[in-house]
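Visitor: the following comprises the amino acid sequence and a computationally predicted model.
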Amino acid sequence: MPEWIEVILRTIFAVVALFFLTKLLGKRQVSQLSFFEYITGITLGSIAAYVSLDTDKTWHLGVIALLVWVVFSYGIEYLQIKSKKARDFIDFKATVLIKDGKILEDNMKKERLTTDELLEELRKKDVFKVADVEFAIMESDGAINVLLTRENQPLTPKHLGVKVAPERETQAVIMDGKVLDEPLDTLGLTRGWLQGQLDKLGFTVENVFLGQVDSYGELTVDLYADKVEVPQPQEKPQLYALLKKCEADLEMFSLSTENKAAKQMYEQCSEQLQAILVTLKPLIQS
């Protein structure tokens with residue numbers, strides 16, 4: 001066999017083997033790497049390159065080395081799962097860099113981190129003033145996470161005492177002009193329902209590049225034709241407006257009647273509907 005063909009075949013073999021072996025090691029190998037995973041990634045790549053390019057008779061030894069590295073890495077990851085001491089020794093402990101708005105210089109020196117580098121990492125978190133930081137920590141993968149002081153944290157609905165509707169995962173039900181049945185089943189919907197929603201919008205499945213249904217059963221679509229305007233759903237705002245009108249009508253009936261029993265009934269119904277609207281507002285008002 002010509003040498004160049006052998007190199008091509010070995011390269012294909014190395015790529016396929018590296019793909020499956022890395023997949024075996026899990027998603028952590030392609031996310032933020034820890035210290036040991038960084039070493040493993042470099043070594044596996046180097047061995048795979050050796051296997052694909054070595055033209056001697058010993059190239060199969062590279063395959064053995066590749067397998068040994070994967071088995072060893074798998075064992076290390078298993079040990080890390082079972083033992084915190086092993087995790088701390090292999091991947092290092094997290095280091096506190098800022099506490100109560102004060103930079104801990106000794107920990108900065110320990111991590112060989114300069115002030116400029118720390119400020120750069122803070123700016124990446126949209127923090128420009130060290131005094132605004134309650135707590136900053138360098139994780140084992142080198143990332144720096146920041147907790148702002150309470151007065152500098154963004155406001156949330158909870159801070160304001162506002163109830164919001166629970167949010168679940170939005171499902172893609174149309175992709176590349178094709179209906180995806182599994183997400184529809186997850187939402188408890190059918191193709192007939194989807195077709196009905198598309199008919200309301202005036203589109204066909206083939207027109208839709210991406211269609212998504214949120215946890216409240218509302219369909220939003222992105223079309224292949226970017227210049228075509230997609231009508232916005234109006235059902236929920238219309239429902240809220242109708243309920244508000246009913247509440248106003250009940251109040252008007254209460255004011256216009258002379259019958260005490262009827263007046264009391266209208267007032268009670270109006271108060272009950274008002275309480276229901278407070279509960280439903282996060283769900284139906286856009």
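Guide: That came in fine, so what should we check first?

Visitor: and the pLDDT for Lys281?
Guide: At Lys281, the model reports a pLDDT of 69.

Visitor: which residues touch the residue lying closest to Leu66 once chain neighbours are set aside?
Guide: Using Cβ to Cβ, 6 or more residues apart in numbering and skipping the chain neighbours, the partner closest in space to Leu66 is Ile47 (4.9 Å). Every residue, glycine included, has its C-beta placed from N, CA and C. Residues in contact with Ile47, defined by Cβ atoms under 8 Å, 6 or more residues apart in numbering, are Gly62, Ala65, Leu66, Trp69.

Visitor: ditto for Phe135
Guide: Contacts of Phe135 (Cβ under 8 Å, 6+ apart): Val96, Ile98, Lys99, Asp100, Val146, Leu147.

Visitor: going by distance to Glu247, which of those wins?
Guide: The nearest member of those to Glu247, counting by Cβ to Cβ, is Leu147 at 43.2 Å.

Visitor: measure that closest one to Asp132 for me?
Guide: 10 Å (Cβ to Cβ, to the nearest Å).

Visitor: repeat for Arg150
Guide: Arg150 is 11 Å from Asp132, by Cβ to Cβ.

Visitor: neighbour count for those two, which is higher?
Guide: Asp132 (15 against 8; other Cβ atoms under 10 Å).

Visitor: hmm, the more buried one is touching Thr149, no?
Guide: Yes: the pair Asp132 and Thr149 passes the contact test of Cβ atoms under 8 Å, sitting 6.0 Å apart.

Visitor: check contacts around the spatially most central residue of the chain.
Guide: By Cα atoms, centre = their mean, the chain has its centre lying nearest to Glu169, at 9.8 Å. Contacts for Glu169 (Cβ under 8 Å, 6+ apart) come out as Ser215.

Visitor: before we move on, what SS does it have?
Guide: coil (DSSP: H, G, I helix; E, B strand; the rest coil).

Visitor: quick one: Trp193 from Ala65, how far?
Guide: 56 Å.

Visitor: with Ile103 instead?
Guide: 44 Å.

Visitor: just Glu120 next, same as before
Guide: From Glu120 to Ala65 the distance is 39 Å (Cβ to Cβ).

Visitor: quick one, which of these two is more surrounded?
Guide: Ala65 (16 against 11).

Visitor: got phi/psi on the residue nearest to the more buried one when sequence neighbours are not counted?
Guide: Nearest residue to Ala65, sequence neighbours excluded (Cβ to Cβ, 6+ apart): Ile47, at 5.3 Å. The phi/psi pair for Ile47 (degrees, to the nearest 10) reads phi -70, psi -40.

Visitor: mind checking pLDDT for Ile47?
Guide: At Ile47, pLDDT is 75.

Visitor: please parse this protein into its domains.
Guide: According to automatic domain parsing, the chain comprises the domains 3-88, 95-152, 172-223, 235-284.

Visitor: against Glu218, how distant is the nearest residue to Asp181 once chain neighbours are set aside?
Guide: Using Cβ to Cβ, 6+ apart and skipping the chain neighbours, the partner closest in space to Asp181 is Arg191 (7.5 Å). Per Cβ to Cβ, Arg191 is found 17 Å from Glu218.

Visitor: before we move on, back to that, turn the contacts of Phe135 into TSV, including pLDDT and secondary structure.
Guide: Listed next are these as TSV, based on pLDDT from 0 to 100; DSSP: H, G, I helix; E, B strand; the rest coil:
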residue	pLDDT	secondary structure
Val96	92	strand
Ile98	93	strand
Lys99	92	strand
Asp100	90	coil
Val146	94	strand
Leu147	93	strand
